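Asks: please find the sequence and the predicted model below.
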Amino acid sequence: MAARAAGGSGDGQDADAPLLDDLMPWSVRPLRTGRPWVIAPDAGSLRARWERLVGAPAEERERLFGATRARTPRTTVAALPGQATGTGRFARERGPCPEPVRIAHGPYDEQWLLPDHRLIDAARPELWRVADGHQLFAVEHGHVPQDTGPALSVTGLLPDGHSPAGRPGRIRPLFRRPGAREPNLAPGLTELLRARHGATVTARSVLAWALAAARPSPAGCVVPLPADTARWSAGVELGQELLRVQLRGARGGERPRLPGGRRPYVRAAVPPVPDAVTYDADTGTLGLGTGRIAPVPAGAWEFRVGGVRMLELWFERRSAAGAKDADGLAALRPGAWPQAWTSELLELITLLALLDGLRPRQEGLAAGPCITAAELRAAGVLPVAAASRRPASVLGHREEGPDGQFALL
């Protein structure tokens, strides 16, 4: 704990900058599903998989389920908070499919999840308890040497924390309790920043600054805090713009759009089974098999997290080539490219283009005097008490436990 609280990466100007782990101390590890078929790019596939599973004979159900040490068809487990799913042994399940929920599947991809705790090895119930219409989740992407992509992203959906490069970071809710109550910030941090930068400092503005200024390091996500108010204000304004883009119209905002003339359009229809994704830099055209989308800025095509191109990864998760090794329930998927995926792709291109266009302003935040981790220690903000790193007790209603018993927390 002491090593984390020391702050910084040990590299130059970040040597005594605090870590995000210092500023937002409660964090949760990524979800671990244990079986790939519980997540899909479309909700219809999940319903088909459920029906296939519950309708299968006992021996086939065992095979399709994909048992792990944490979950088998005979495991009893509590329901996920906020979800009215069964808690009896799945081997006896005959009911209808629970309504799939939209989640953030790694950075910038939105998919669907079967919210049944009996199917997920480590669903992180503490995240589900605080996920509501006010919550925002900061997701660290994990450190990858020489990676120039963002260190942090934010979503209003429940995130699974998946890392494209296999370097999982942490999920940090902005609030420790539902209803935007009790910010997940180091005690005393808001008061210190208000003394420096004025009464307008809020939990959301701290998150906005972190989103704009965070940098990856081997020690964790570094967040230098500016000592001058002008730079703080500029960074918060930029972070609010980054937040608006990444929320995609959630929380009452507008969906991101590029200016006229730069908006991507479908120039040739995507075929039923596109076999590859390509990019022509000369014409700014994205190809999906014989389908064509343009204009697509080079910055959107080259946008990477952990060294992985986001557009290529997005397509791979939906293409027939990417599913060639899928078997069992995971092989149940759309037989032809849904129109909804094309709309989602256009939105993702827009999002990545806008994020890439804001990068020069992010780089401009680096220079200037900062509040060091040593100053935070002197002010009593650091080290953070152990209680701030644990989830709050938020049980406001009874949660059904294994085999219908109610959980007592």
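Replies: Structure received.

Asks: for the residue positioned nearest the centre of the chain, name its beta-bridge partners.
Replies: In the chain, the C-alpha nearest the mean C-alpha coordinate belongs to residue 159, at 4.0 Å (Cα atoms, centre = their mean). Partner residues in beta bridges with residue 159, using DSSP bridges, are residue 104.

Asks: okay, domains of this protein per the record?
Replies: 2-256+363-407, 265-357 (automatic domain parsing).

Asks: those: lowest mean pLDDT?
Replies: Here the lowest mean pLDDT among the domains of the chain goes to domain 2-256+363-407, at a mean of 91.

Asks: check the offset of it from the chain's centre.
Replies: 6 Å (Cα atoms, centre = their mean, to the nearest Å).

Asks: same thing with stretch 360-376?
Replies: On Cα atoms, centre = their mean, the centre of stretch 360-376 falls 25 Å from the chain's centre.

Asks: give me the number of residues near residue 281?
Replies: Look at residue 281: counted by other Cβ atoms under 10 Å, it has 10 neighbours. Glycine gets a C-beta too; all of them are placed from N, C-alpha and C.

Asks: let me fix that: residue 280
Replies: Neighbour tally, residue 280, other Cβ under 10 Å: 13.

Asks: name the nearest residue to it, ignoring sequence neighbours.
Replies: Excluding the flanking residues, the one nearest residue 280 by Cβ to Cβ, 6 or more residues apart in numbering is residue 287, at 7.1 Å.

Asks: contacts only, for the one you found.
Replies: Residue 287 makes contact with 276-280, 293, according to Cβ atoms under 8 Å, 6 or more residues apart in numbering.

Asks: pretty sure residue 226 contacts residue 232?
Replies: Yes. Under the criterion of Cβ atoms under 8 Å, residue 226 makes contact with residue 232 at 4.8 Å.

Asks: mind listing the shared neighbours of those two?
Replies: Common neighbours of residue 226 and residue 232 (Cβ under 8 Å, 6+ apart) are residue 209.

Asks: so which residues of this structure form helices?
Replies: Applying DSSP state H to the chain gives helices spanning 2-5, 20-23, 43-54, 58-65, 125-130, 189-197, 203-213, 229-247, 298-301, 310-316, 339-357, 359-363, 373-378.

Asks: can you list those in JSON lines and add mean neighbour count?
Replies: Below are the helices of the chain laid out as JSON lines (neighbours: other Cβ atoms under 10 Å):
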{"stretch": "helix 2-5", "mean neighbour count": "12"}
{"stretch": "helix 20-23", "mean neighbour count": "25"}
{"stretch": "helix 43-54", "mean neighbour count": "19"}
{"stretch": "helix 58-65", "mean neighbour count": "14"}
{"stretch": "helix 125-130", "mean neighbour count": "22"}
{"stretch": "helix 189-197", "mean neighbour count": "17"}
{"stretch": "helix 203-213", "mean neighbour count": "23"}
{"stretch": "helix 229-247", "mean neighbour count": "19"}
{"stretch": "helix 298-301", "mean neighbour count": "19"}
{"stretch": "helix 310-316", "mean neighbour count": "20"}
{"stretch": "helix 339-357", "mean neighbour count": "19"}
{"stretch": "helix 359-363", "mean neighbour count": "13"}
{"stretch": "helix 373-378", "mean neighbour count": "17"}
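
Asks: can I get these in CSV including distance to residue 116?
Replies: Formatted as CSV, those follow (distance: least, Cβ to Cβ, whole Å):
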stretch, distance to residue 116
helix 2-5, 35
helix 20-23, 32
helix 43-54, 9
helix 58-65, 12
helix 125-130, 12
helix 189-197, 38
helix 203-213, 31
helix 229-247, 27
helix 298-301, 36
helix 310-316, 26
helix 339-357, 24
helix 359-363, 40
helix 373-378, 42
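
Asks: between the ones you listed, which gets nearest to residue 176?
Replies: helix 125-130 (6.8 Å; Cβ to Cβ).

Asks: among the contacts of residue 287, who's most crowded?
Replies: residue 277 (23 neighbours).

Asks: residue 312 is in contact with that one, correct?
Replies: Yes. Residue 277 is within contact range of residue 312, at 6.1 Å (criterion: Cβ under 8 Å).

Asks: count the residues that sit near the residue lying closest to residue 392 once chain neighbours are set aside.
Replies: Spatial nearest neighbour of residue 392, chain neighbours left out: residue 176 (4.3 Å); criterion: Cβ to Cβ, 6+ apart. Around residue 176 there are 21 other residues, counting by other Cβ under 10 Å.
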